[in-house]
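Here is a sequence with its predicted model. Questions after.
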Amino acid sequence: MPRYRLVPALEQEQVLLSHCAHARYAWNLAVEQHSFWSRRRGGAPGYNEQSRQPTQARAEFGWLRAGSQTVQQQALRDFAQAMSNFFAGTHRRPTWRKQGVHEGFRQVGVKPHQVVRLSRRWGAVLVPKCGWVRFRLSRPVPEGVRSYRVTRDRAGRWHVAFAHVPPSVPGPGDGSVVGVDRGVTVSAALSTGDLLKVPGLTPGETRRLELLARKLGRARRGSGRRARLKAALARLKARQSDRRKNWVEQTSTALARGFDVIGVEDLNVRGMTRSAKGTVERPGRNVAAKAGLNRGILAGGWAVLVERLEHKAPGRVHRIDPAGTSQRCSACRIRDPKARESQARFRCRSCGFACNADVNAARDIAHETRLVIARELGLVCTAAGPAVAARGRSGLPGRTNREPQPV
């Protein structure tokens, strides 16, 4: 969904906040109804029954009647779709939405004349009960959009995202394969030898973030000073998140455009970043170290990088079993746990090959990716020793155990 910075006027911002509150109220009410009926072990009301309830509520409560009925009804439609996804097993059960965190609403049935271009840099979208709201035209709006979502992040910035499925990024068509190894020190190491790092906060910004966090811990709850500190913290974290997202978009586009096949490790990032606190009866160990590792993994954008790669290069991303990729030599294919001398250095004790440890893992991932493709195409590979795959219709290189150059 292409997203644009929304710039509402002061009066329009108040209307947008009320729309967010009404959509959140309708969503939470639907969650409460399903939670109540699940405890009673009865049949929860469906969308047809819930869609009639806002009409009765609007007739009774003036604050709800002042809002947009389409916004409230659409929140119930979104909840019904979320429950369908939950029962289908593709998503988790929908949970509560919190003020200040989940601020947004969706509008469907958008006509072409409701999204206009004002100038080279500005556009406008028609929002119910709000009128024309300007947004920054950072790129052309896709044609034929039928819906949009308005959101407000924790830093107080408004955005509008138009629903549109962009075309996939075409590859070079030469059968090139690349392996991507994700890490904490090096965000993404490629089998070509490139080491990519997510741009985070500068040292000055990191220091300011620490000072703001300390001041926030001393601020009294409910005070205006605490609200200002939370807003300043949110702006710094939003800057960090924007840099990470921009890096992910540029890196995924470059990989999808530069290679036909992309191999990544099949990692359970959600499980890897789970807290190690444990319970009162069974407390966890090394909780602080595990929390730092979790922050490093999340700051590297491991999950979102693979997700965007699958969006831009559908069918060309292969998930490889991560077992042994950091311990196996990419030159002689011998696995040795002691070959990795340090975080950044890999030296095979069998053939003497040495290079960056992350690059060696990325080359091993690329090799495993070629093997997977060869099996899918029915090509013959040797069972022992370095694998040799014949050149097929896919254009893959014939010999996959070429000696990598030291990095």
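The structure has been received and is ready for your questions.

For Trp122, grab phi and psi.
For Trp122, the backbone dihedrals are phi -130, psi 150 (criterion: degrees, to the nearest 10).

repeat for the one 4 residues further on
Geometry field for Leu126 lists phi and psi as phi -90, psi 120, criterion degrees, to the nearest 10.

Just want the most central residue of this protein.
For the chain, the residue whose C-alpha lies nearest the mean C-alpha position (CA atoms, centre = their mean) is Val304; its distance is 3.6 Å.

for that one, what are its contacts?
For Val304, the set of contacting residues under the criterion of CB atoms under 8 Å, 6 or more residues apart in numbering consists of 244-245, 248. No exception for glycine: its C-beta is placed from N, CA and C like everyone else's.

Then Lys237?
Residues in contact with Lys237, defined by CB under 8 Å, 6+ apart, are 154-155, 209.

Three-state assignment for Gly67, please.
coil (DSSP: H, G, I helix; E, B strand; the rest coil).

any idea how far it is from Val15?
Separation of Gly67 from Val15 (CB to CB, to the nearest Å) stands at 9 Å.

Looking at the two now, which is surrounded by more residues?
For Gly67 versus Val15, the count of surrounding residues by other CB atoms under 10 Å is larger for Gly67: 23 against 20.

Overlap in contacts, Gly67 and Val15.
Shared contacts of Gly67 and Val15, defined by CB under 8 Å, 6+ apart, are found at Lys129.

for the chain, what are the low-confidence residue spans?
By pLDDT under 70, the low-scoring segments of the chain are 38-42, 280, 380-407.

Do you have the strands of it handy? List them.
In the chain, the strands defined using DSSP state E lie at 3-7, 103-108, 115-117, 122-127, 131-136, 147-152, 158-162, 177-182, 188-190, 195-196, 261-265, 317-320, 345-347, 354-356.

follow-up on the earlier one: which of the contacts of Val304 has the largest number of neighbours?
Within the contacts of Val304, neighbour counts (other CB under 10 Å) peak at Val248, which reaches 23 neighbours.

follow-up on the earlier one: what would the contacts of Lys237 look like in TSV with neighbour count and distance to Gln240?
Listed next are the contacts of Lys237 as TSV, based on neighbours: other CB atoms under 10 Å; distance: CB to CB, whole Å:
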residue	neighbour count	distance to Gln240
Arg154	16	12
Ala155	16	11
Leu209	17	8
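
Of the residues you listed, just say which sits nearest to Val133.
Using CB to CB, Ala155 is the member of those that sits closest to Val133, with 18.5 Å.

isn't that closest one right next to Ala232, touching?
No - counting by CB atoms under 8 Å, Ala155 sits too far from Ala232 to count as a contact (9.3 Å).

Could you report the distance from the closest residue to Trp158 other than its chain neighbours to Val269?
Excluding the flanking residues, the one nearest Trp158 by CB to CB, 6 or more residues apart in numbering is Leu6, at 3.8 Å. Shown here: Leu6 relative to Val269, a distance of 31 Å by CB to CB.

Give me the more crowded residue out of these two.
The neighbour count for Leu6 versus Val269, taken as other CB under 10 Å, is higher for Leu6 (23 against 18).

And the helices in the stretch 1-150 of the chain?
Per DSSP state H, counting those that start in this stretch, the stretch 1-150 of the chain has helices spanning 10-40, 47-50, 53-60, 62-65, 69-88. These are given in chain order.

Kindly format the C-alpha coordinates of the fourth one as PDB.
So that's helix 62-65. Extracted as PDB, the C-alpha positions of helix 62-65 are listed here (Å, rounded to 0.1, in the frame of the first residue of the first chain):
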ATOM      1  CA  GLY A  62     -25.100  11.700  20.400                       C
ATOM      2  CA  TRP A  63     -21.200  11.500  20.500                       C
ATOM      3  CA  LEU A  64     -21.500   8.400  18.300                       C
ATOM      4  CA  ARG A  65     -24.100  10.000  16.000                       C
END
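
what does it contact?
Defining contact as CB under 8 Å, 6+ apart, one finds that helix 62-65 is touched by 22, 25, 54, 57-59, 72.
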